[in-house]
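>>> Fold the following for me, if possible:
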Amino acid sequence: MGFCIHLFLPRLVMSDSSSPAGTRWIWNIFWLLLVVTGVEVALGIIKPTFLLFPLAGTSILNLIFIGLTLVKAAYIVQYFMHLKYETQSLRMAIYLPALVLIPYLTFILLYEGVEVYGY
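You can find the predicted model right below:
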């Protein structure tokens, strides 16, 4: 059994040939995530009234928060969990369920929240 695993292991491991060298890319991602977080915090503090109108069972502001959170999650998974440099099949095995389930669950939560609480 162990011998069979070692035969297939070289095809499943990450290829380091395409991974970036140095720390510049880490700082670029850090600054991007910092800006996105800053926008989220600023919107949370200010709460512009033109973004509080209802859309799809919630306010436009909540939809912006959901979108910005998904952007941050994507960057964290891509770069800090090193998924960007994995094989295409492994990336799709992780991305596709998330791309289907997250919007589906978000829709269900928003729709059911409107039905239950009547907002």
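>>> So for the closest residue to Ile66 other than its chain neighbours, what's the pLDDT?
Counting by CB to CB, 6 or more residues apart in numbering, Ile66 lies nearest to Thr106, which is 6.3 Å off, once chain neighbours are set aside. (Each C-beta comes from the backbone N, C-alpha and C, glycine too.) Per-residue pLDDT puts Thr106 at 83.
>>> Give the buried residues for the top helix by length along the chain.
For the chain, the longest helix by residue count, based on DSSP state H, is helix 88-117. Of the residues in helix 88-117, Thr106, Leu110 count as buried by neighbour count, 16 or more other CB atoms under 10 Å.
>>> And for stretch 46-64?
Within stretch 46-64, the residues that qualify as buried are Leu51, Gly57, Thr58, Ser59, Leu61, Asn62, Leu63, counting by 16+ other CB under 10 Å.
>>> For the chain, name the helix or strand with the lowest mean pLDDT.
helix 2-12 (a mean of 44; mean pLDDT, DSSP states H and E).
>>> contacts for the next helix or strand after it?
Downstream of helix 2-12, the next assigned helix or strand under DSSP states H and E is helix 24-46. Applying CB atoms under 8 Å, 6 or more residues apart in numbering, the contact partners of helix 24-46 are Leu51, Leu61, Ile64, Phe65, Leu68, Thr69, Val71, Lys72, Tyr75, Ile76, Tyr79, Phe80.
>>> same thing but 7 Å
Contacts to helix 24-46, defined as CB atoms under 7 Å, 6 or more residues apart in numbering, come from residues Leu61, Ile64, Phe65, Leu68, Val71, Lys72, Tyr75, Tyr79.
>>> Filter those down to the ones in strands?
The strands in this structure, assigned by DSSP state E, contain none of these.
>>> May I ask which two of the residues you listed are separated the most?
Leu61 and Tyr79 (27.5 Å; CB to CB).
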